[in-house]
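Trainee: have a look at this prediction, sequence included:
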Amino acid sequence: MTLDLLPHGEVPATSGPRTTQGASPLRSWMSFAQRRGGLGKSSRHKDDALMKFGELKSVGHNLADSFASGIGLLVGYYKFSVFMEIRKSPHEFMEIDFLSGETTGCPPSPNLRKAIDLYVGKGLPYLCQRHEIDPQSFSQLTVRYWYKAYNVKGFAVAITAANGKQSIDEFNESGARSRCLDSLGRIRRTPSINRIDEA
């Protein structure tokens, strides 16, 4: 199963928590998130798999966050701003596949296209080496950046591992986890939406 991302602004049909920054641009897989209690089984094999998947999520977040900052210390390129390009576009979002370099939504300028290519060809392999994981462990690493009304910016990282594990995590412009209201009206971090297929 692939991680389908909703068009910008479309509200997912769910009874789950609402974000404080408006409707999430992602398809909400709350039925999977509600089964997260099954992820903590005591098998050492499963614990190792979860640990490795955590490394994939760390790589995905670090790569997406670095790109969002426009300060590409990771790749030695500093002259780009994905949010400013989205702001000027009628699409209001840009979705980037950091495995292939393909994009949807706002078309990247030549300057941003160069940054994407550097992050795909240089940034991702470097982070994988730092985390001691094989880039082939990813079967999907897609990031959606958005720029909504009232200067609301953020991004979401969708990851599928080669073994079928999947997650979606949403962050604000600074790379911190976005916030939502729980059923009691309290502000909480937006939970990850995870699916781990049993072997």
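Mentor: Everything's here; your move.
Trainee: same question for stretch 119-129, mean pLDDT?
Mentor: Along stretch 119-129, the predicted local confidence has a mean pLDDT of 97.
Trainee: need the residues that contact it.
Mentor: Stretch 119-129 is contacted by residues 59, 62-63, 66-67, 72, 74-75, 98-101, 134-135, 137, 141 when judged by CB atoms under 8 Å, 6 or more residues apart in numbering. Glycine gets a C-beta too; all of them are placed from N, C-alpha and C.
Trainee: show me what counts as buried in it.
Mentor: By neighbour count with 16 or more other CB atoms under 10 Å, stretch 119-129 contains the buried residues Y119, V120, G123, L124, L127, C128.
Trainee: wait, a helix at the fourth one?
Mentor: Yes. Following the definition DSSP: H, G, I helix; E, B strand; the rest coil, L124 is counted among the residues of a helix.
Trainee: from S66, how far out is it?
Mentor: Here the criterion is CB to CB, to the nearest Å. By it, L124 lies 11 Å from S66.
Trainee: coming back round to it: write the ChimeraX selection for whichever of the contacts of stretch 119-129 are buried.
Mentor: Selection of buried members from those for ChimeraX, criterion 16+ other CB under 10 Å:
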select :59,62,63,66,67,72,74,75,98,137,141
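Trainee: closest to M84 among the contacts of stretch 119-129?
Mentor: Sorting the contacts of stretch 119-129 by how near they are to M84, with CB to CB, puts F67 at the top with 13.1 Å.
Trainee: which non-adjacent residue is nearest the closest one?
Mentor: Closest residue in space to F67, ignoring its immediate chain neighbours: Y119 at 5.7 Å, by CB to CB, 6 or more residues apart in numbering.
Trainee: repeat that for L73.
Mentor: Using CB to CB, 6+ apart, the closest residue to L73 is S66 (7.2 Å).
Trainee: same check on I71?
Mentor: If the residues on either side of it in the chain are set aside, I71 comes closest to Y78, at 5.8 Å by CB to CB, 6+ apart.
Trainee: hang on, the one you found packs against G70?
Mentor: Yes. Contact criterion CB atoms under 8 Å: Y78 and G70 qualify, at 7.4 Å.
Trainee: more neighbours: which of those two?
Mentor: Set Y78 next to G70 and count neighbours by other CB atoms under 10 Å: G70 wins out with 16 against 11.
Trainee: from K79, how far off is that one?
Mentor: From G70 over to K79 (counting by CB to CB), the distance is 8 Å.
Trainee: which stretches in this structure count as helices?
Mentor: If you assign secondary structure with DSSP state H, the helices in the chain sit at 30-33, 44-69, 82-87, 110-118, 124-130.
Trainee: of all the contacts of stretch 119-129, which comes closest to P107?
Mentor: Each of the contacts of stretch 119-129 was checked against P107 using CB to CB; the closest is G101, at 13.1 Å.
Trainee: that closest one against D117, yeah?
Mentor: Yes. Assessed by CB under 8 Å, G101 is found in contact with D117 at 5.8 Å.
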